[in-house]
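> turn this into a model:
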Amino acid sequence: MGDSDNSSAALDALRAQFDQAMSEPDTVKRFRVLLDVTDGARHLQSKVNKSLKEHQKSETFLEVEKRFVTKHETKLDALAQGFFNCYATPGKARAALDQLCDSYDTQYVLDVVALGVWRLSKPLGFDLFGIKSEARQMAEAFYENNLHPALEKAIPDHGDYLKLKRLNVEERYGKVLEDIEMCRKAAAAIEVVLKKYRDRFATEAKSMSEEDVDKLSPAEAVERVKALPLKMQEAIFEAQKEALAAKPRAAH
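So this is what the prediction gives:
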């Protein structure tokens, strides 16, 4: 189950809990359920926002890797044409290059391809006791003038490219973009319900009688005060200060 599925299920549970609160006739019980619902929505919002940041961080890294892959594939397109102009079986030449870059360091591979066209696969044409066909001469010339310089540009990055292709960078990049979009949608939905729950909780907090307020725990009473308008909060604090001032001081 993905982040989106988890968030959707959690939202459904919060909605059911909110409906339960609104059907509760007891003011204090309703207040407590609404407090739980509001806290649950805040927690879910924090969780989704954290997931969104993690996905965005992954997107940054994967975008760099994807850009590297795309840029390198431009070089490989040029190599493909070169292989076609030089080799009887261009696919074997590319496979040989991949195997070399997978197995050896860059300098070794550069040294290998510097030895000539025949190091990657069988060139076009023939060389019979030093007598070269026109196709072989053209293949060797093209290799020296075009393909070998292109190989020297591509080889330093080719090993890393092969690793990234095995790691499915493009697929993972597409997946993380989907995850980001789903997290954004979930965050927007949570923001809507959280506002609804906060507003309802504030209404309940304002309408509670003194008798009901006295039934709240100290922590619940603090949350109630935090939900009240600023003027009501100030009035409560002033009343508390006056009550403290009116208490007789302890004898020294």
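
> quick check, residue 86 in contact with residue 124.
Yes - the pair residue 86 and residue 124 qualifies as a contact (CB atoms under 8 Å) at a distance of 6.5 Å. Backbone N, C-alpha and C define where each C-beta goes, glycine included.

> between these two, point out the one with more neighbours.
Each of residue 86 and residue 124 has its neighbours counted (other CB atoms under 10 Å); residue 86 has more, 26 against 21.

> which residues touch the more buried one?
Residues near residue 86 by CB atoms under 8 Å, 6 or more residues apart in numbering: 93, 117, 123, 124, 139, 142, 143, 147.

> same thing with residue 80?
Contacts of residue 80 by CB under 8 Å, 6+ apart are 90, 94.

> follow-up on the earlier one: so what's in contact with residue 86 and residue 124 at the same time?
In contact with both residue 86 and residue 124: residue 139, using CB under 8 Å, 6+ apart.

> flag every buried residue along the host helix or strand of residue 108.
Here residue 108, judged by DSSP states H and E, is contained in helix 106-113. Using 16 or more other CB atoms under 10 Å as the test for burial, helix 106-113 gives 109, 110, 112, 113.

> let me know the next secondary structure element after the helix ranked longest in the chain.
In the chain, ranked by residue count with DSSP state H as the criterion, the top helix is helix 27-86. Moving toward the C-terminus from helix 27-86, the next helix or strand (DSSP H and E) is helix 90-103.

> using PDB, write out every CA atom in that next one.
Provided in PDB are the C-alpha atoms of helix 90-103 (Å, rounded to 0.1, in the frame of the first residue of the first chain):
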ATOM      1  CA  PRO A  90      27.000  -3.400 -35.100                       C
ATOM      2  CA  GLY A  91      25.100  -5.000 -32.200                       C
ATOM      3  CA  LYS A  92      28.100  -7.100 -31.300                       C
ATOM      4  CA  ALA A  93      30.300  -4.100 -31.300                       C
ATOM      5  CA  ARG A  94      28.000  -2.300 -28.900                       C
ATOM      6  CA  ALA A  95      27.800  -5.400 -26.700                       C
ATOM      7  CA  ALA A  96      31.600  -5.600 -26.600                       C
ATOM      8  CA  LEU A  97      31.800  -2.000 -25.600                       C
ATOM      9  CA  ASP A  98      29.300  -2.500 -22.800                       C
ATOM     10  CA  GLN A  99      31.100  -5.500 -21.500                       C
ATOM     11  CA  LEU A 100      34.500  -3.700 -21.500                       C
ATOM     12  CA  CYS A 101      33.100  -0.700 -19.600                       C
ATOM     13  CA  ASP A 102      31.300  -3.000 -17.100                       C
ATOM     14  CA  SER A 103      34.400  -5.000 -16.400                       C
END
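
> now the angle between helix 27-86 and that helix, please.
120 degrees (axes from the mean of the first three to the mean of the last three CA atoms, to 10 degrees).

> what packs against helix 90-103?
helix 27-86, helix 106-113, helix 148-166 (3 or more CB pairs under 8 Å, 6 or more residues apart in numbering; DSSP states H and E).

> and that helix, which residues are buried?
90, 93, 94, 96, 97, 100, 101.

> pipe these into JSON lines and attach distance to residue 229 and pLDDT per row.
Conversion of the buried residues of helix 90-103 to JSON lines gives the following (distance: CB to CB, whole Å; pLDDT from 0 to 100):
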{"residue": "90", "distance to residue 229": "77", "pLDDT": "96"}
{"residue": "93", "distance to residue 229": "77", "pLDDT": "97"}
{"residue": "94", "distance to residue 229": "72", "pLDDT": "96"}
{"residue": "96", "distance to residue 229": "76", "pLDDT": "97"}
{"residue": "97", "distance to residue 229": "72", "pLDDT": "97"}
{"residue": "100", "distance to residue 229": "74", "pLDDT": "97"}
{"residue": "101", "distance to residue 229": "69", "pLDDT": "97"}
